[in-house]
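K.L.:
can't give you the sequence, but here's the structure:
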DNA sequence: TCGGCTGACCG
DNA sequence: ATCTTTGCGC
DNA sequence: CGGTCAGTCCAGCGCAAAGAT
């Protein structure tokens, strides 16, 4: 999954200048924006959007999020009257992490603003430390984490953003979180913000104010992080985080997992696998109980709709009509690695589009496909229908799962053998 | 918003 | 109705 | 005289609302 964070310094001008298309061309799964400065934001194809403008000074501050993955919940603000009026924090909940999009105040204009900045950090830190899931925090922090994040560390001593106390905050939080960019790029001269003055950006006289902070427990899920320093349109450059999390349900997985353990979708795309198709089509005996796979088997276009947001994905789902024709008179048990919470919507959609409904169905509760289906076989199907393997026929896309069926004495074949 | 520039102010 | 200016914050 | 240090310093961008034509 790819997450991009960008302080756009006025979303309207980004859109007018055509830079929104450029950032969407990067194809992020989630796009976090800061300094949106607008109560209205456009819809983007394939994304769900959340805008959180300031309530009074609507022409300042404001954060927004575009996401392909539908969050379990979204919270705007964190219970502080003053800061919530400025639309500074959006928290999105996913299966096993929170994503915080944050725009921290600047304290440069006066000592009062600096005090306020410190208070924001105190309150915000308290808020994220209360998380009952691991977190990814991204956004504009308006301070450097260490001297390496500045071009001219000595020139700016004593100014807001560069004070030793501000770097203390980073030292503390970096005991619990990983600075994702720094993990992959230990060298200096990498900046995400340049003063809005002539020559500064060209000469790379900048600072690193934008960060992805990732809970230590997710350290081994990170695959890359970098700065899109050539992306124009704002005084900030977008920053990118890539991690091995499911683009469908948002669950963070270990780097070596081929399938998401939550929803069973394939998250590591191996090179174009040739689908198993045989010329001499096999018959399906009417007396067999069919153990039917959903993704990549009953659903004909799983691959194309892989990364769509959930609602759109279900709407776009197409089912194998030929396959349904062959098995509609059999007793059919749907066994799928899709999560249970989606079962009602999918079954209703299937019936509306094809008139077909399976006799039974079993869904995912957090396991990878072969282990999950083995569990359902041993605990539900076999106790109900018996352990005679000849009574069953599995139509299954996943080779590992087919091997599992064979161990149970059950014939398992890909749909290409029949249609 | 940074950082170069101007003066005032020291010892 | 369509500009330009103003105020505010970075 | 050489060094430090503050300065409603200045410059430049974006937004919305107010003002002007």
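P.N.:
Arrived safely. Keep in mind that this is a model prediction, so the values were computed, not measured. Numbering: from 1, shown residues only, chains lettered A, B, ... in the order given.
K.L.:
In chain A, which residue sits furthest out from the middle?
P.N.:
residue A:287 (43.1 Å; C-alpha atoms, centre = their mean).
K.L.:
which ones are touching that residue?
P.N.:
residue A:391 (C-beta atoms under 8 Å, 6 or more residues apart in numbering). In this view, the C-beta of every residue, glycine as well, is placed from N, C-alpha and C.
K.L.:
swap the cut-off to 10 Å and go again
P.N.:
By C-beta atoms under 10 Å, 6 or more residues apart in numbering, the contact list for residue A:287 reads A:330-331, A:390-391, A:393.
K.L.:
got a winner among those for most neighbours?
P.N.:
In terms of neighbours by other C-beta atoms under 10 Å, these top out with residue A:393 at 24 neighbours.
K.L.:
now stretch A:43-54, how far from the centre of its chain.
P.N.:
Between the centre of stretch A:43-54 and the centre of its host chain there is 15 Å, according to C-alpha atoms, centre = their mean, to the nearest Å.
K.L.:
sorry, back to before: strands - which of the contacts of residue A:287 land there?
P.N.:
Judged by DSSP state E, these include A:331, A:393 as members of strands.
K.L.:
near DNA strand D too, which of the contacts of residue A:287?
P.N.:
With the criterion set as C-beta under 7 Å from any atom of the strand, no member of these is near DNA strand D.
K.L.:
Kindly reformat the contacts of residue A:287 as JSON lines and extend each row with distance to residue A:324 and pLDDT.
P.N.:
Shown next, in JSON lines, are these (distance: C-beta to C-beta, whole Å; pLDDT from 0 to 100):
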{"residue": "A:330", "distance to residue A:324": "11", "pLDDT": "97"}
{"residue": "A:331", "distance to residue A:324": "14", "pLDDT": "97"}
{"residue": "A:390", "distance to residue A:324": "24", "pLDDT": "95"}
{"residue": "A:391", "distance to residue A:324": "21", "pLDDT": "96"}
{"residue": "A:393", "distance to residue A:324": "15", "pLDDT": "97"}
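K.L.:
Next, give phi and psi for the residue in the stretch 301-419 of chain A that DNA strand C sits nearest to.
P.N.:
DNA strand C sits closest to residue A:309 of the stretch 301-419 of chain A, with a gap of 32.0 Å, by C-beta to the nearest atom of the strand. Per-residue torsions, residue A:309: phi -60, psi 150 (degrees, to the nearest 10).
K.L.:
Could you tell me how many residues sit around it?
P.N.:
Using other C-beta under 10 Å, residue A:309 has 17 other residues around it.
K.L.:
same check, this time on residue A:79
P.N.:
Neighbours of residue A:79 under the rule other C-beta under 10 Å: 10.
K.L.:
Name the nearest residue to it, sequence neighbours excluded.
P.N.:
residue A:127 (7.5 Å; C-beta to C-beta, 6 or more residues apart in numbering).
K.L.:
List phi and psi for that neighbour.
P.N.:
Dihedral angles phi and psi of residue A:127 (degrees, to the nearest 10) take the values phi -60, psi -50.
K.L.:
do you know how far it is from DNA strand D?
P.N.:
27 Å (C-beta to the nearest atom of the strand, to the nearest Å).
K.L.:
my guess is that residue meets residue A:80, correct?
P.N.:
Yes. Residue A:127 is within contact range of residue A:80, at 8.3 Å (criterion: C-beta atoms under 10 Å).
K.L.:
any common contacting residues for those two?
P.N.:
Common neighbours of residue A:127 and residue A:80 (C-beta under 10 Å, 6+ apart) are residue A:89.
K.L.:
show me what contacts the residue in the stretch 51-200 of chain A positioned nearest to DNA strand B?
P.N.:
Closest approach between the stretch 51-200 of chain A and DNA strand B, counting by C-beta to the nearest atom of the strand: residue A:106, at 2.6 Å. By C-beta under 10 Å, 6+ apart, residue A:106 lies in contact with A:113-114, A:116-117, A:140, A:142-143, A:160-161, A:209.
K.L.:
May I have the phi/psi pair for the residue in the stretch 101-250 of chain A that DNA strand C sits nearest to?
P.N.:
Nearest residue of the stretch 101-250 of chain A to DNA strand C: residue A:106, at 4.2 Å (C-beta to the nearest atom of the strand). Backbone geometry at residue A:106, expressed as degrees, to the nearest 10, gives phi -90, psi 150.
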